[in-house]
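Q: build me a structure from this.
(one chain, ligands or ions: 1)
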Amino acid sequence: MEYVTLGKTDIKISRIGLGAWQFSEAWTKPDYSIAKEVVKKAIELNVNFFDTAMVYGLGVSENYLGRALREANVKRDDVVVVTKIPGDFLNEYDIPLAVEKSVRILGLGYIDVLLAHWPPVWHNYPTCEYARAMEKMVRIGLVRYIGLSNFPVELVESFRKCLSTVDVEVFQIRYNIVERYAEKELIPYAEKNRITVMAWSPIAKGAVTGKYTPQNLPQFQDVRSGEPVFHPKNFEKVYKVVEVLNELSKKYGKTPTQIALNWLIMASPVVVPIPGAKNPEQVVDNVGAVGWRLSQEDWLLLDRLSRDIRIVYSIRYLDREFA
Ligand SMILES: NC(=O)c1ccc[n+]([C@@H]2O[C@H](COP(=O)([O-])OP(=O)(O)OC[C@H]3O[C@@H](n4cnc5c(N)ncnc54)[C@H](OP(=O)(O)O)[C@@H]3O)[C@@H](O)[C@H]2O)c1
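A: Prediction:
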C-alpha cells in the first residue's frame, strides 16, 4: 500500500480508501456479513481510510462500518474514518445532535473527519453558522478534522474565512476518468492549499470497469437507474475510453479498473480515490491500483482521449418528446 498525508495534518492515509455507501439500500439489500467481509479484506490489504455518511441508509452504513472495524480489532489510531453531515442539517441546532448520534452509531469514540456532505440549498443557513458549529465539534473532541464535499471554490473560501482555530483539510468531489470537472478549479485549489481530495465515484459507478458494454447495459435496479453516465448516448462516449482501458489492461497485466484508478492517482498528488466495493474481490481489485504506475505515454493517451468527453447530464430531459 502507498500512503499520503491527510491535508495539513501528520496523519498518513492509504492512497486508496474504501467507500461504504455500498452498505445501504441505494446499492443493494444491506447485509452486515458482506460489509464485514469487505471491511476485513480492506484492513488486511492495509487500507486505513474509510468513507461513510449519515444519509447512507440513514445510519446503516455508519453502523456496519463502525461495527466491522471494531470486530476487526483494529487499533483506533490506525484507521481514519470520514463521515458526512447532509446540507439539510447544517445549522447550529442540528449539527451537535446529528454529530453526537453519528459518533454513537460508529462506536469508535470520535469521528476523524466530518465533512459537510453538500451545501445547504433549501434552508438558506448562513455559511458562518454551520462553519462555526462544525469547528465547535472539533473543540469538544467529537471530531478531529473538518472538510467539505461538493462545495464550489467560492463557498469554500467563505467557509474558511469563518473558522478561527481549524482549517478545511479534506474535499470530497465527483472525479473519475470520464468526469473531470473537478480539475477546473477544485483540484488546483486543493493542491495550492494542501487539502486532500477524496475522489467519489472514482470508477464512474462501475462504468469504466470494462464489465459493462453498450450491448450489455443492464436496466439497473439500484441508484444507477437514472444515472446519466449509463444512458446509452453517454455510455457510447464512455466506452471509447473503456476500449483503451481494456487494451492497456492486457499490456500491463492489470484490470481496466486498476488502470482507471491508477490514471486518477497520477493526475494529482492530493487525489485519493474511495471506490465502493460490494464484495471482497472488488476490494482486492481496487487496491491493486496502487504500487505501480502507467508510463507517461499511456497516461497522456488516456488524458487526451478522456479530456473531450462530455457527459450530457440533461440527457433524460432532452430525450423527452411532447405532442
Ligand atoms: N460525497 C458525495 O456526495 C458522494 C457521492 C457518491 C459517493 N460517495 C462516496 O464515494 C464512494 C464511491 O463512489 P460510488 O459508490 O458512487 O461509485 P464507484 O466507487 O465509482 O463505483 C462503485 C461500484 O462499482 C462496482 N465496482 C466496484 N469495484 C469494482 C471492481 N473492482 N470491478 C468491477 N466493478 C466494481 C460496484 O457495483 P457493481 O458491482 O454492481 O457494478 C460498486 O458498487 C461511495 O461508496 C461513497 O462513500 C460520496
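Q: which residues touch S14?
A: By CB atoms under 8 Å, 6 or more residues apart in numbering, the residues touching S14 are M1, E2, Y3, N46, V47, N48, F49, V272. Yep, even glycine has a C-beta here, placed from its N, CA and C like the rest.
Q: swap in M198?
A: For M198, the contacting residues are G17, D51, V82, S149, V170, F171, Q172, I173, V272, P273, I274, by CB under 8 Å, 6+ apart.
Q: pull up the gap between it and the ligand, please.
A: In this view, M198 and the ligand are 7 Å apart by CB to the nearest ligand atom, to the nearest Å.
Q: assign the residue nearest to that residue when sequence neighbours are not counted to helix, strand or coil.
A: Leaving aside its chain neighbours, M198 sits nearest to Q172 (4.2 Å; criterion: CB to CB, 6 or more residues apart in numbering). Reduced to three states with DSSP: H, G, I helix; E, B strand; the rest coil, the structure at Q172 is strand.
Q: now for Q172, how many residues are close by?
A: As a burial measure, Q172 scores 27 neighbours (other CB atoms under 10 Å).
Q: could I get the contacting residues of it?
A: By CB under 8 Å, 6+ apart, the residues touching Q172 are D51, V82, K84, L115, G147, L148, S149, N150, V197, M198, W200, I274.
Q: show me which of the contacts of M198 neighbour the ligand.
A: Among these, the residues within reach of the ligand (CB under 6 Å from any ligand atom) are D51, S149, Q172, I274.
Q: possible to save these as CSV with secondary structure and pLDDT?
A: As requested, those are exported to CSV (DSSP: H, G, I helix; E, B strand; the rest coil; pLDDT from 0 to 100):
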residue, secondary structure, pLDDT
D51, strand, 98
S149, strand, 98
Q172, strand, 98
I274, coil, 98
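Q: can you say which helix or strand has F50 in it?
A: Counting by DSSP states H and E, the element that carries F50 is strand 49-51.
Q: neighbouring strands for that strand, and are they parallel or not?
A: Strand pairing for strand 49-51, determined by DSSP bridges: strand 18-19 (parallel), strand 80-85 (parallel).
Q: between these, which gets nearest to P228?
A: Nearest to P228 among the strands paired with strand 49-51 is strand 18-19; the distance by CB to CB comes to 19.5 Å.
Q: ok and the residue in the chain nearest the ligand?
A: G19 (2.3 Å; CB to the nearest ligand atom).
Q: ok, that residue touching P275?
A: Yes. Counting by CB atoms under 8 Å, G19 touches P275, with 6.0 Å between them.
Q: looking at those two, which one has more neighbours?
A: Set side by side, G19 and P275 show more neighbours around P275, with 29 against 25, by other CB under 10 Å.
Q: and S61, that one's in a strand?
A: No. Judged by three-state DSSP, S61 forms no part of a strand; its state is helix.
Q: which residues does it contact?
A: Residues near S61 by CB under 8 Å, 6+ apart: A20, W21, F23, S24, P30, T52, A53.
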